[in-house]
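J.: attaching a predicted model along with its sequence, questions to come.
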Amino acid sequence: MISRLAFEWYEQSSTGLGSEFVRAVDGCFALIGRNPLVYPKVYHQVRRALIRRFPYGVLYVVEDDFIIVIACFHVKRDPKQWQNRNI
């Protein structure tokens with residue numbers, strides 16, 4: 001689920017940094033799971049939780065008892081790239 005390219009980029013930048021990125025994303029998922037409605041809506045029903053220490057956000061929607069992750073997305077990228085996904 002997590003971008004393998006992001007992991008590889010961070011790992012090449014500094015050994016162990018890729019693993020820290022993965023842990024930060026996992027931590028973000030845990031926070032979303034505990035309180036999914038706390039994060040702001042950024043597009044229609046899509047919410048975004050920012051990942052600590054890294055310029056990424058997790059984009060997701062809440063439907064009934066489910067959390068549907070749309071993307072783990074670099075915040076400096078063009079938002080139209082994820083908005084064009086079938087959501």
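T.: Here it is on my side, so go on.

J.: pretty sure Val62 is in a strand, no?
T.: Yes: assessed by DSSP: H, G, I helix; E, B strand; the rest coil, Val62 belongs to a strand.

J.: the bottom helix or strand of the chain by mean pLDDT?
T.: Using mean pLDDT, DSSP states H and E, the weakest-scoring helix or strand in the chain turns out to be helix 80-83, at a mean of 62.

J.: ranges for the strands of this protein?
T.: Assigned by DSSP state E, the chain shows strands spanning 41-43, 46-50, 56-63, 66-74.

J.: how far off centre is the second one?
T.: For strand 46-50, the separation from the chain centroid amounts to 7 Å (computed by CA atoms, centre = their mean, to the nearest Å).

J.: how many other residues sit next to Arg53?
T.: Counted with other CB atoms under 10 Å, residues neighbouring Arg53 total 12. The way it works is simple: take the backbone N, C-alpha and C, and place the C-beta from them, glycine included.

J.: hmm, Gly27 and it touching each other?
T.: No: applying CB atoms under 8 Å, one finds Arg53 not in contact with Gly27, separated by 9.9 Å.

J.: need the residues touching each of the two.
T.: Common contact partners of Arg53 and Gly27 (CB atoms under 8 Å, 6 or more residues apart in numbering): none.

J.: picking that back up, save the strands of the chain as TSV, and put in distance to Ile32, mean pLDDT and mean neighbour count too.
T.: Below are those laid out as TSV (distance: least, CB to CB, whole Å; pLDDT from 0 to 100; neighbours: other CB atoms under 10 Å):
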stretch	distance to Ile32	mean pLDDT	mean neighbour count
strand 41-43	14	93	13
strand 46-50	5	95	19
strand 56-63	6	95	19
strand 66-74	6	91	16
